[in-house]
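# what's the 3D shape of this:
(one chain, ligands or ions: 1)
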Amino acid sequence: MEWDVVIIGGGAAGLMCARVAGLRGRRVLVVEHANRCGKKILMSGGGRCNFTNTGTTPGNFLSANPHFCKSALARFTPTHFIGLVEQHRIGYHEKELGQLFCDDSSKRIVAMLLQECADAGVTVETSCSVERITQEQGHFRVATTRGTHAAASLVVATGGLSIPSMGATGFGYEIARQFGHTVLATRAGLVPLTLSGKHLDHYQDLSGLSLPVEVHCDGARFRNQLLFTHRGISGPGILQISSYWQPGKDLSIDLLPAEDAAEFLAGRQARQPASELRTVLGDALPKRLAQRLCDVWLGSKPMRQYRPAELRQIGAQLNAWPMVPSGTEGYRTAEVTLGGVDTNEVSSSTMESRRVRGLYFIGEVLDVTGHLGGYNFQWAWASGHAAGNVV
Ligand code: FDA
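Below is the predicted model:
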């Protein structure tokens, strides 16, 4: 069949692009290989979809080309998406730091996008796999398990590699390479980190315990919760820093981010000279962690026995706990994929390939990755909108 636009991938970016192009009167086909569209939207935000972040700025994104995301984000803002959500009477609330979630279920966001696509005359084919893509005389031919389609514009919206069980594939990267694009190395982001050796032995049985920390790596820092797991560390603070972590790099974790630990200890020494360090620390940290840190790292004796220099050193250790992760939990549990199609070869205003006319890349398949907190969906909406306006 003949279309104006074929979009491969019926996820967040693909559906937004389809809607916008359909509203412009374009004949649009979305090809989705899973049995339903938007599976990642459905599982996102614990089933409530953190669909945007009102504080979105280009600084919330990682990319080899940090300027690339600016244009699309400026032209389709969180307010635009919120407008759509309100038009569909979907209840939402702000959790923290500008993160907006549905009141009831992520299903409402998928239903909204599919309704918008239907109203815009978009055709959506699910359980449909692409077998081959060729380009002849300026037209793309897309051979699928349900027949061959032709279109002047082809949009690659296949997402990243995380959660393969939900339909994630590397197909978008294959298409990019087929048409001469550079694909930057990919790795799992927003992912729990694993520990090994003494760190795992020492902290594994604290699994389930969480505390607020400030974690630093490679110039980035995030203040949020750290959660001990049976294989390592997780929680929002660790997921955020995981996108900046590379094998071999160490993390520095401030266990008392709200205070100068040395000052805290000196104050306690004056007030509780007979108390042991482990007891004093148990007032500032979860008791089991305080106990463990003293047993395996800091030692413990009555506060009066510490010299000022010793307390200063222990304080510095608590404000910068060094930790070397052994790896990540990988794409199985990662929320996003870092790296992807090199943005230097794509127009930042239209998402069109600079190499092949009529070929577009949107969403996570591109080398643009957001922080945790609704930024990745905002990128999917904004990049889908940018392409949808021109395809
Ligand atoms: P997306 O993955 O949404 O869509 C790609 C589509 O292409 C899928 O439907 C897939 O099946 C299809 N596809 C793949 N290969 C294909 C092929 N060969 N042929 C046809 N179709 C193909 N972000 C956020 O901002 N807030 C949040 O709350 C969360 N929560 C969250 C939880 C979990 C568990 C995960 C894994 C991820 C998140 N994210 C998130 C990230 C967010 O889901 C992600 O960044 C966006 O869905 C990316 O949108 P895309 O449209 O690019 O890909």
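
# bridging residues for Asn50?
Phe101 (DSSP bridges).

# Let me see the contact set for it.
44, 95, 99-101, 373-374, 377 (Cβ atoms under 8 Å, 6 or more residues apart in numbering). (C-beta placed from N, C-alpha, C; glycine too.)

# Give me the buried subset of those residues.
44, 99-101, 373-374, 377 (16 or more other Cβ atoms under 10 Å).

# Columns pLDDT on top of those, output as JSON lines?
JSON lines is the format used below for these (pLDDT from 0 to 100):
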{"residue": "Ser44", "pLDDT": "96"}
{"residue": "Gln99", "pLDDT": "98"}
{"residue": "Leu100", "pLDDT": "98"}
{"residue": "Phe101", "pLDDT": "98"}
{"residue": "Gly373", "pLDDT": "97"}
{"residue": "Gly374", "pLDDT": "98"}
{"residue": "Phe377", "pLDDT": "98"}
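
# Out of these, name the ones that lie in helices.
Judged by DSSP state H, these include Phe377 as members of helices.

# restrict the buried ones among the contacts of Asn50 to contacts with the ligand.
Among the buried ones among the contacts of Asn50, the residues within reach of the ligand (Cβ under 6 Å from any ligand atom) are 44, 374, 377.

# picking up where we left off before, just send the buried ones among the contacts of Asn50 back as CSV, with distance to Asn53 too.
CSV is the format used below for those (distance: Cβ to Cβ, whole Å):
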residue, distance to Asn53
Ser44, 13
Gln99, 6
Leu100, 7
Phe101, 11
Gly373, 5
Gly374, 4
Phe377, 9
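
# okay, now Gln272: neighbour count?
15 (other Cβ atoms under 10 Å).

# give the contact list for it.
279-280, 303.

# check contacts around the closest residue to the ligand within the stretch 1-150 of the chain.
Evaluated by Cβ to the nearest ligand atom, the stretch 1-150 of the chain has Gly11 as its residue closest to the ligand, separated by 1.8 Å. Gly11 sits next to 32, 37-41, 157-159, 363, 380 when contact means Cβ under 8 Å, 6+ apart.

# where along the stretch 51-200 of the chain do the helices fall?
70-75, 78-87, 107-119, 171-178, 197-203 (DSSP state H, counting those that start in this stretch).

# could I get those as a markdown table with mean neighbour count?
Converted to a markdown table, the helices of the stretch 51-200 of the chain look like this (neighbours: other Cβ atoms under 10 Å):
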| stretch | mean neighbour count |
| --- | --- |
| helix 70-75 | 17 |
| helix 78-87 | 15 |
| helix 107-119 | 19 |
| helix 171-178 | 20 |
| helix 197-203 | 14 |
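
# and the contacts of Gln272, which of them are in strands?
Applying DSSP state E to those, no entry is found in strands.

# How about the residue sitting nearest the centre point of the chain: what's its closest non-neighbour residue?
Centroid-nearest residue in the chain, with Cα atoms, centre = their mean: Val336, separated by 4.5 Å. Once flanking residues are discounted, Val336 sits nearest to Gly189: 4.5 Å by Cβ to Cβ, 6 or more residues apart in numbering.

# Would you mind listing what in the stretch 151-300 of the chain touches the ligand?
So the stretch 151-300 of the chain meets the ligand at 157-159, 162-163, 167, 169, 171 (Cβ under 6 Å from any ligand atom).

# What number of residues are in the vicinity of Ser165?
Counted with other Cβ under 10 Å, residues neighbouring Ser165 total 7.

# picking up where we left off before, looking at the helices of the stretch 51-200 of the chain, which is nearest to Gly232?
Closest approach to Gly232 among those (Cβ to Cβ): helix 197-203, 7.0 Å.

# For the closest one, which outside residues touch it?
194-195, 228, 231-233, 292, 296-297, 323-324, 326.

# Just the buried ones out of those, please.
194-195, 228, 231-233, 292, 323.

# Throw these into a markdown table and include pLDDT and distance to Val142, thanks.
Conversion of those to a markdown table gives the following (pLDDT from 0 to 100; distance: Cβ to Cβ, whole Å):
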| residue | pLDDT | distance to Val142 |
| --- | --- | --- |
| Thr194 | 98 | 40 |
| Leu195 | 97 | 45 |
| Phe228 | 98 | 47 |
| Arg231 | 97 | 41 |
| Gly232 | 98 | 42 |
| Ile233 | 98 | 43 |
| Arg292 | 97 | 57 |
| Met323 | 94 | 47 |
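
# Show me the two of those that sit farthest apart.
Farthest apart among the buried ones among the contacts of helix 197-203 - using Cβ to Cβ - are Thr194 and Arg292, which lie 18.6 Å from each other.

# Thanks again, I'm all set now.
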